[in-house]
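Peer 1: have a look at this prediction, sequence included:
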2 protein chains.
Amino acid sequence: MSSIIKSSTKIFSEVPISLGERSYRILIGANLLADGGVWEGVPESHHAVIVSNSTVAPLYSDVLRNAISSRYAQVHEVRLPDGEEFKNWQTLQTIFDVLLQKGCDRKTILYALGGGVVGDMTGFAAACYMRGIPFVQVPTTLLSQVDSSVGGKTGINHPLGKNMVGAFYQPQRVVCDLSVLTTLPQREFSAGLAEVIKYGPIADMQFFTWLEDKIEAVMAQHPEALAHAVCRSCEIKAEVVGLDERESGLRAILNFGHTFGHAIEAGLGYGIWLHGEGVGAGMVMAAELSCRLGLVDEIFVKRLMSIIDRAGLSVKGPILDSKDNAGRYLQLMRGDKKSEAGEIRFVLIESPGKAVVRSAPDRLVREVIDACCS
Amino acid sequence: MSSIIKSSTKIFSEVPISLGERSYRILIGANLLADGGVWEGVPESHHAVIVSNSTVAPLYSDVLRNAISSRYAQVHEVRLPDGEEFKNWQTLQTIFDVLLQKGCDRKTILYALGGGVVGDMTGFAAACYMRGIPFVQVPTTLLSQVDSSVGGKTGINHPLGKNMVGAFYQPQRVVCDLSVLTTLPQREFSAGLAEVIKYGPIADMQFFTWLEDKIEAVMAQHPEALAHAVCRSCEIKAEVVGLDERESGLRAILNFGHTFGHAIEAGLGYGIWLHGEGVGAGMVMAAELSCRLGLVDEIFVKRLMSIIDRAGLSVKGPILDSKDNAGRYLQLMRGDKKSEAGEIRFVLIESPGKAVVRSAPDRLVREVIDACCS
């Protein structure tokens, strides 16, 4: 459960992540970036490196640098190109290049200032550099605040698949400054909402109902509504991750909508649809599949479609192949890393608020894809 | 402590590595590769991949394939180019390429069949592929049998430094077949002996004395002497690793001779001197530095030089810079990943059989380098 904390200057919520010696805290609130209080307890060292991208760095890297500069003799900076298409080894290598050129040692700490791509790559760089150095997540997109910065998944894409190379590696801290979301493009904000919406059907229908009531307030970034949406999302994710750090079972439920969503991203080419946009349409397909398997009723599917639509997201998936669209989806999903020996493992809704991981007959999956794409 | 085990066909020694849920066993003996018994308990799966190199694969990959083929529906193979200069991202990428092209899932198991380079890269590939899949070490060099295949260090080199990118990742099992060492070039066998010799000064002078007595028998690969040398080396390493899996302190003593040795390897360009050759000359420098700091006497340094010489290794380091050789060594050592904020941490011998990690005055280090290079 989260608690409300008051530092020297700010009020923020704290969500603890319990992973034994790898435990850490998520701090959530407005105007946190510039607040010295939220950085207390993060390791001090000789070197710190802010890893950001060409979009976020001009807006926020000086603010972060000023807030942490008293803790390090040297604060270096790496600016990555912005975009999922740069989430690859070549870009990762530029982080290692700077770390080595600056003489960064094993106690150097990395600050990931950006969205999911920056967080995933910085976390993976931290996991691998000298076999592991500490890092801090400073997510600047809604998607990364409610999902990718929590739980320790890091990695890069391979030409043959998304996130195929990576590590489970936990940050020292996650600082979610809600104020930075004001500069986030609306399309990306909507994509982030897909992951917020996700938590209801898999774990908490009370939160889903709250969101049905407040979705417009959240989209308008009303402070209280936004804080609750982010906080509750992090809490649910924290709970699931705490029970299954390395995704051996339960954690897979967080991938509701992702099996179809990854196929959309891979099939169109990464970056055409945003991750959250794929997840949005993917959740509709997964819900529809759950419905056709007799797990949930049509009313539930309609409620889910309605809130996805109100969040500014497409409820329909794209056509990936005009000749055999369902076949192409199936082919892509079989290559997903959650597949086992070619069998696709779907995250389905067993009953609203409860997810289940299981396979489904190809025939049924084809019907769902045909019904849910246009 | 090791124990003697008899499987259906073979007698071998077993050294347990105690790392909680990451515990595993090292099996040591003659003609183990072809013996089904030593593979019992290793995870079965749909896919297995033998990762080897262009030198070792033609000799032993069919033997290994036959021994494990009943455990997997498909056994694939990746042949890497042979040599330290290929221990880089490009080569690692070829492993990921095959894994993805063959549709290898999260339960796929990798077999590292080769020396330290193959083991380090295969282990790192296993650590990163889909954020972690199981792997087995089948070391085919003396160096990798007594050192690199034990302890979970994996990784690749970066143009600016050796092993700069990697992970701590434990194998499911290590199988040391002593018979494969008959095809190992003498130069590489000698290089491996450097790591065997190392264990005496840092942990067990009784073993050192035994080795002084038996070094010729070990070099001639007399079965009993060789088995004891490998077994005792693995035991000592296992003990140290068990106490400090992630090299936060104690484990650093295993790097006796390595700080100077890495400078030699990096300064000449990787592959000119073998790793063990650098460690051999490096141990002499570290012992000489220990002596000049008043920790050990000259007799100890002479004993160490004598056995290194008898093992067929150079006791002198190379000249890396004709104008300022000591300066070049110091520069390279300051860039080593064991350095902290530019301070070089040397593994020294506090008293024979006991190592200590500490810094030393530059002036003294320069004197040692001047005395120990030619």
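Peer 2: Now that the structure is in, tell me what you want to look at.
Peer 1: for the helix or strand where A:Val63 lies, output the C-alpha coordinates as CSV.
Peer 2: Secondary structure assignment for A:Val63, by DSSP states H and E: helix A:57-68. Extracted in CSV, the C-alpha atoms of helix A:57-68 (Å, rounded to 0.1, in the frame of the first residue of the first chain):
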residue,chain,number,x,y,z
ALA,A,57,17.0,16.3,-22.2
PRO,A,58,16.5,19.9,-23.4
LEU,A,59,13.4,20.2,-21.2
TYR,A,60,14.5,18.5,-17.9
SER,A,61,18.1,17.4,-17.7
ASP,A,62,19.3,20.7,-16.2
VAL,A,63,16.6,20.5,-13.5
LEU,A,64,17.7,17.0,-12.6
ARG,A,65,21.4,17.9,-12.8
ASN,A,66,20.9,20.7,-10.3
ALA,A,67,18.8,18.6,-8.0
ILE,A,68,21.5,15.8,-7.8
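Peer 1: flag every buried residue along that helix.
Peer 2: A:Ala57, A:Tyr60, A:Ser61, A:Leu64, A:Arg65, A:Ala67, A:Ile68 (16 or more other CB atoms under 10 Å in any protein chain shown). For the C-beta atoms, the positions are set from N, CA and C on the backbone; glycine is no exception.
Peer 1: tabulate those residues in TSV, adding columns for distance to chain B and pLDDT.
Peer 2: Output for those, formatted as TSV (distance: CB to the nearest CB, whole Å; pLDDT from 0 to 100):
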residue	distance to chain B	pLDDT
A:Ala57	24	97
A:Tyr60	28	97
A:Ser61	24	97
A:Leu64	22	97
A:Arg65	20	97
A:Ala67	22	94
A:Ile68	18	95
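Peer 1: how about the helix or strand harbouring A:Ser13: buried residues?
Peer 2: Following DSSP H and E, one finds A:Ser13 within strand A:11-17. By neighbour count on 16+ other CB under 10 Å, the buried set for strand A:11-17 is A:Phe12, A:Ser13, A:Glu14, A:Val15, A:Ile17.
Peer 1: now stretch A:118-132
Peer 2: Neighbour-count burial for stretch A:118-132, with 16+ other CB under 10 Å as criterion, is recorded at A:118-132.
Peer 1: quick one: mean pLDDT over that stretch.
Peer 2: Averaged across stretch A:118-132, pLDDT comes to 97.
Peer 1: which residues does the spatially closest residue to A:Leu32 that is not a sequence neighbour bridge with?
Peer 2: In space, and not counting its chain neighbours, A:Leu32 is closest to A:Asp177: 4.1 Å by CB to CB, 6 or more residues apart in numbering or on different chains. Under the criterion DSSP bridges, A:Asp177 forms beta bridges with A:Gly29.
Peer 1: which residues touch A:Asp177?
Peer 2: A:Gly29, A:Ala30, A:Asn31, A:Leu32, A:Leu33, A:Val138, A:Thr140 (CB atoms under 8 Å, 6 or more residues apart in numbering or on different chains).
Peer 1: and which of these is nearest to A:Gly282?
Peer 2: Of all the contacts of A:Asp177, A:Thr140 has the smallest distance to A:Gly282: 24.1 Å, by CB to CB.
Peer 1: so the nearest residue to that closest one once chain neighbours are set aside, which state does it fall into?
Peer 2: Distances taken as CB to CB, 6+ apart place A:Val180 nearest to A:Thr140, at 4.8 Å, with adjacent residues excluded. Counting by DSSP: H, G, I helix; E, B strand; the rest coil, the backbone at A:Val180 sits in helix.
Peer 1: list every C-alpha atom in the host helix or strand of A:Phe124, with coordinates, as PDB.
Peer 2: Per DSSP H and E, A:Phe124 falls inside helix A:116-128. Only the C-alpha atoms of helix A:116-128 are listed here, as PDB (Å, rounded to 0.1, in the frame of the first residue of the first chain):
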ATOM      1  CA  GLY A 116      10.300   3.500 -21.600                       C
ATOM      2  CA  VAL A 117      13.000   3.300 -24.300                       C
ATOM      3  CA  VAL A 118      15.400   5.400 -22.300                       C
ATOM      4  CA  GLY A 119      14.500   3.400 -19.100                       C
ATOM      5  CA  ASP A 120      14.900   0.000 -20.700                       C
ATOM      6  CA  MET A 121      18.200   0.800 -22.300                       C
ATOM      7  CA  THR A 122      19.600   2.700 -19.300                       C
ATOM      8  CA  GLY A 123      18.600  -0.200 -17.000                       C
ATOM      9  CA  PHE A 124      20.100  -2.800 -19.300                       C
ATOM     10  CA  ALA A 125      23.300  -0.700 -19.600                       C
ATOM     11  CA  ALA A 126      23.400  -0.500 -15.800                       C
ATOM     12  CA  ALA A 127      22.800  -4.300 -15.600                       C
ATOM     13  CA  CYS A 128      25.700  -5.000 -17.900                       C
END
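Peer 1: close to chain B, is it?
Peer 2: Yes: looking at helix A:116-128 against chain B by CB under 8 Å from any CB of the partner chain, the contacts come from A:Ala127, A:Cys128.
Peer 1: hey, C-alpha coordinates of stretch A:89-97 in CSV?
Peer 2: Output of stretch A:89-97 as CSV, limited to C-alpha atoms (Å, rounded to 0.1, in the frame of the first residue of the first chain):
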residue,chain,number,x,y,z
TRP,A,89,22.7,-2.5,-29.5
GLN,A,90,24.2,0.4,-31.4
THR,A,91,22.5,3.0,-29.2
LEU,A,92,23.3,1.0,-26.1
GLN,A,93,26.9,1.0,-27.1
THR,A,94,27.0,4.8,-27.1
ILE,A,95,26.2,4.6,-23.3
PHE,A,96,29.1,2.2,-22.7
ASP,A,97,31.4,4.4,-24.8
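Peer 1: buried residues in that stretch?
Peer 2: So for stretch A:89-97, counting by 16+ other CB under 10 Å, buried means A:Trp89, A:Thr91, A:Leu92, A:Thr94, A:Ile95, A:Phe96.
Peer 1: just checking, which of these belong to helices?
Peer 2: A:Trp89, A:Thr91, A:Leu92, A:Thr94, A:Ile95, A:Phe96 (DSSP state H).
Peer 1: dump these to TSV, plus pLDDT and distance to B:Ser359.
Peer 2: Listed next are those as TSV, based on pLDDT from 0 to 100; distance: CB to CB, whole Å:
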residue	pLDDT	distance to B:Ser359
A:Trp89	95	36
A:Thr91	97	36
A:Leu92	97	32
A:Thr94	96	32
A:Ile95	98	29
A:Phe96	97	26
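Peer 1: would you turn those residues into a markdown table with distance to chain B?
Peer 2: Shown next, in a markdown table, are these (distance: CB to the nearest CB, whole Å):
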| residue | distance to chain B |
| --- | --- |
| A:Trp89 | 6 |
| A:Thr91 | 12 |
| A:Leu92 | 9 |
| A:Thr94 | 12 |
| A:Ile95 | 10 |
| A:Phe96 | 6 |
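Peer 1: relative to A:Leu304, which of the residues you listed is nearest.
Peer 2: A:Thr91 (35.2 Å).
Peer 1: where along the stretch 101-250 of chain A do the strands fall?
Peer 2: For the stretch 101-250 of chain A, the strands defined by DSSP state E, counting those that start in this stretch occupy A:109-114, A:135-139, A:153-158, A:161-168, A:173-177.
Peer 1: nearest to B:Glu277, out of those?
Peer 2: Comparing the strands of the stretch 101-250 of chain A by CB to CB, strand A:161-168 comes nearest, at 32.7 Å.
Peer 1: any idea how far stretch A:22-38 is from the chain center?
Peer 2: Distance of stretch A:22-38 from its chain centroid, counting by CA atoms, centre = their mean, to the nearest Å, is 18 Å.
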